[in-house]
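>>> this one's sequence-less:
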């Protein structure tokens, strides 16, 4: 097996688009054949999964897609997904408001939220001390700048993605007997990069068997592919949004300029007012020092 390291990844990321397409097609064929076509595309309606679905269906046109209708999708995403054939819509058991009430708010990042959640809720002094002070290598602790959130007057949790995406996806896979193609790329996440360096694009072992054929792509490759193929995509990108994840998620919002809530106030004012006031997101953004007006 070819060893994957950061140098290898950089080489692959520097390839021209056509070479990346061929690379992805090989990964897709390998995974498809390994599981005898019992696969599906995890389709969010965003640009990345739209490109992935197009590549896969050019070779395997009957491949099913699955869309998670979490209630956190922009109206433009919903409209676009409705225009795509052979898509199974899946709805989680809980809605976002129920998740917030039961588990807590997703803030800063999944990693930071998990560490804060553990400190606040654990009965283990060992785990609490690790999250507060780190281990021998000073790893595993909450960054100093976010420790004040331990005393917040609202719940903090990393369980949102589990309840709205991971658990319903697993249920779908079990019911249909299918395994996923996922359109994530490593350039926008340190955790995704580390996962790729350990396991590559196709994961055949462990609890989660999946294929991530676009791992080495960059955002510019996605747009180049869309233009070259005259591919239809959601109009959400034409009104100021670069990313289209969950509308009200606060992971990474402190790094965005302008952030999604500032854009939402202009483009979807009713949804903006609902999330800021009714869902209590305004008080959370105030706590982490993020402007949203």
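Everything's here; your move. Predicted model only: the values in this text are computed from it and were never measured.

>>> what helices or strands is the helix or strand containing residue 172 leaning on?
Using DSSP states H and E, residue 172 sits within helix 167-176. The helices and strands touching helix 167-176, judged by 3 or more C-beta pairs under 8 Å, 6 or more residues apart in numbering; DSSP states H and E, are strand 39-42, strand 64-68, strand 87-90, strand 179-182. C-beta here means a position set from N, CA and C on the backbone, and glycine is covered the same way.

>>> I'd like the average pLDDT over the second one.
Computed over strand 64-68, the mean pLDDT rounds to 98.

>>> check stretch 88-103 too.
96.

>>> just the buried positions in that stretch, please.
90, 92, 94, 96, 99, 100, 103 (16 or more other C-beta atoms under 10 Å).

>>> with these in mind, which one is nearest to residue 199?
Taking C-beta to C-beta as the measure, residue 199 sits nearest to residue 90 out of those, at 25.4 Å.

>>> pretty sure that closest one sits against residue 66.
Yes: shown here, residue 90 and residue 66 form a contact pair, counting by C-beta atoms under 8 Å, at 5.9 Å.

>>> pull up the overlap in contacts between these two.
By C-beta atoms under 8 Å, 6 or more residues apart in numbering, residue 90 and residue 66 have these common neighbours: 169, 172.

>>> any stretches of the stretch 101-250 of the chain with poor pLDDT?
For the stretch 101-250 of the chain, the stretches flagged by pLDDT under 70 are 137-138.

>>> quick one, strands of it?
107-108, 179-182, 202-203, 210-211, 250-251 (DSSP state E, counting those that start in this stretch).

>>> please identify the deepest-packed of these.
Highest mean neighbour count among the strands of the stretch 101-250 of the chain (mean count of other C-beta atoms under 10 Å): strand 107-108, with a mean of 26.

>>> contacting residues around that one?
By C-beta under 8 Å, 6+ apart, strand 107-108 touches 113, 146, 149, 156, 250, 251, 252, 254, 284, 288.

>>> and what of stretch 87-100?
40, 43, 64-72, 81, 102, 155, 159-160, 163-165, 167-169, 171-172, 176, 246, 248, 279-280.

>>> over to stretch 267-275?
Contacts of stretch 267-275 (C-beta under 8 Å, 6+ apart): 74, 75, 239, 240, 241, 247, 248, 261, 264, 265, 281.

>>> change it to 10 Å
Defining contact as C-beta atoms under 10 Å, 6 or more residues apart in numbering, one finds that stretch 267-275 is touched by 72, 74-76, 96-97, 236, 239-241, 247-248, 250, 260-266, 281-282, 285, 292-293.

>>> cool, and stretch 25-32?
Against stretch 25-32 from outside (C-beta under 10 Å, 6+ apart): 38-39, 41, 52, 55-56, 58-60, 63, 179-181, 200-204, 209-216.

>>> stretch 189-202 now?
So stretch 189-202 is contacted by 1-6, 8-9, 12, 23-24, 26-28, 30-31, 34, 109-111, 181-182, 184-187, 203, 205-206, 208-216, 252 (C-beta under 10 Å, 6+ apart).

>>> ok, stretch 143-158 next?
Contacts of stretch 143-158 (C-beta under 10 Å, 6+ apart): 99-121, 131-132, 141-142, 163, 251, 254, 280, 283-284, 287-288.

>>> let's see which of those residues end up in helices.
In this view, the contacts of stretch 143-158 that belong to helices under DSSP state H are 99-102, 110-121, 131-132, 283-284, 287.

>>> just the buried members of those residues?
99-100, 110, 112-120, 131, 284, 287.

>>> now do the contacts for the closest residue to residue 76 other than its chain neighbours.
Of all residues not flanking residue 76 in the chain, residue 236 sits nearest, at 3.9 Å (C-beta to C-beta, 6 or more residues apart in numbering). By C-beta under 10 Å, 6+ apart, the contact set of residue 236 is 45-47, 73-77, 79-80, 242-244, 267-268.

>>> cross those against helices and list the overlap.
Counting by DSSP H, the contacts of residue 236 place 47, 75, 76, 77, 79, 80, 267 in helices.

>>> please identify which of these is nearest to residue 125.
Nearest to residue 125 out of the ones in helices among the contacts of residue 236 is residue 77 (C-beta to C-beta; 44.6 Å).

>>> give the contact list for the closest one.
Going by C-beta under 10 Å, 6+ apart, residue 77 touches 44, 45, 46, 67, 69, 234, 235, 236, 241, 244, 247.
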